[in-house]
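K.L.:
Give me a model of this one.
(one chain, ligands or ions: 1)
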Amino acid sequence: METYSQLNHTFRRRHWLNANDRPFLTSHWRKWLCDRGSLTEALIRASDNRFSVRLIAQTKSYPTYDEALTLKISPQQKVLIREVELLGKHQAWVYARSVVPLSTLKHCHQSLEQLGNRSLGTLLFTDPGIRRGALEVCQLSAKHQNYPSRRSIFWIKQQPLLVTEIFLPPMAQISHPS
Ligand SMILES: C=C(O[C@@H]1C=C(C(=O)O)C=C[C@H]1O)C(=O)O
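P.N.:
This is a model prediction of the structure:
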């Protein structure tokens with residue numbers, strides 16, 4: 001698997017399309033990329049409960065320029081970066097990167113920093129005060145492989161947290177449980 005940073009250079013802001021603008025997507029990918037519910041819940045059902053999270057890296061670092069633009073913060077502002085793989089039946093299905101400004105971090109009741117291999121979704125979808133912004137989609141490509149991707153901002157007490165999800169090749173064969 002290419003690392004996120006290796007993939008990240010292949011797309012720029014203009015590649016992200018608002019899902020409400022109905023960019024061309026097959027029915028299969030529309031179900032996965034435009035579902036506003038918890039991806040964790042959908043993957044648990046699609047994998048017959050054989051779901052797990054593999055924490056790849058969690059660091060305090062800096063956002064990419066595009067992430068800073070999307071979060072409306074300075075690229076010099078430190079953020080918590082969490083990178084995971086979401087696995088179904090012991091196979092990597094999604095690569096996810098969450099970028100959390102430190103000003104947002106302090107509003108996370110159960111500290112996001114201690115999540116480990118528990119899903120971020122369990123934190124974001126259990127607190128009714130957390131709101132999800134618009135979904136954006138793009139086709140991220142690297143080394144002749146296409147990666148359907150999506151991202152959205154979650155608002156925690158009006159503070160932003162950016163989640164980007166890259167759907168890995170096996171997901172082309174996994175039906176959405178809806
Ligand atoms: C936002 C969700 O959390 C998922 C889990 C993540 C994690 O554990 O880091 C990151 C992104 C999501 O794919 C969700 O389940 O929808």
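
K.L.:
how about the helices in this protein?
P.N.:
Along the chain, counting by DSSP state H, helices occupy 4-8, 27-33, 39-46, 65-71, 102-105, 120-124.

K.L.:
quick one, what contacts the residue of the chain found nearest the ligand?
P.N.:
Nearest residue of the chain to the ligand, counting by CB to the nearest ligand atom: Gly121, 2.2 Å away. Every C-beta, even on glycine, is put in place using the N, C-alpha and C of the backbone. Applying CB atoms under 8 Å, 6 or more residues apart in numbering, we find Gly121 in contact with 38-41.

K.L.:
for the residues you listed, which one is nearest Gln173?
P.N.:
Proximity of the contacts of Gly121 to Gln173 was ranked by CB to CB; the top entry is Leu39 with 17.0 Å.

K.L.:
I'd guessed that closest one sits against Trp93; true?
P.N.:
No. In this structure Leu39 lies outside contact range of Trp93 using CB atoms under 8 Å: 9.7 Å.

K.L.:
what residues do these two have in common as contacts?
P.N.:
Between them, Leu39 and Trp93 share the contacting residues Leu86, judged by CB under 8 Å, 6+ apart.

K.L.:
Which one of these two is surrounded by more residues?
P.N.:
Counted by other CB atoms under 10 Å, Leu39 and Trp93 do not tie: Leu39 has more neighbours, with 24 against 21.
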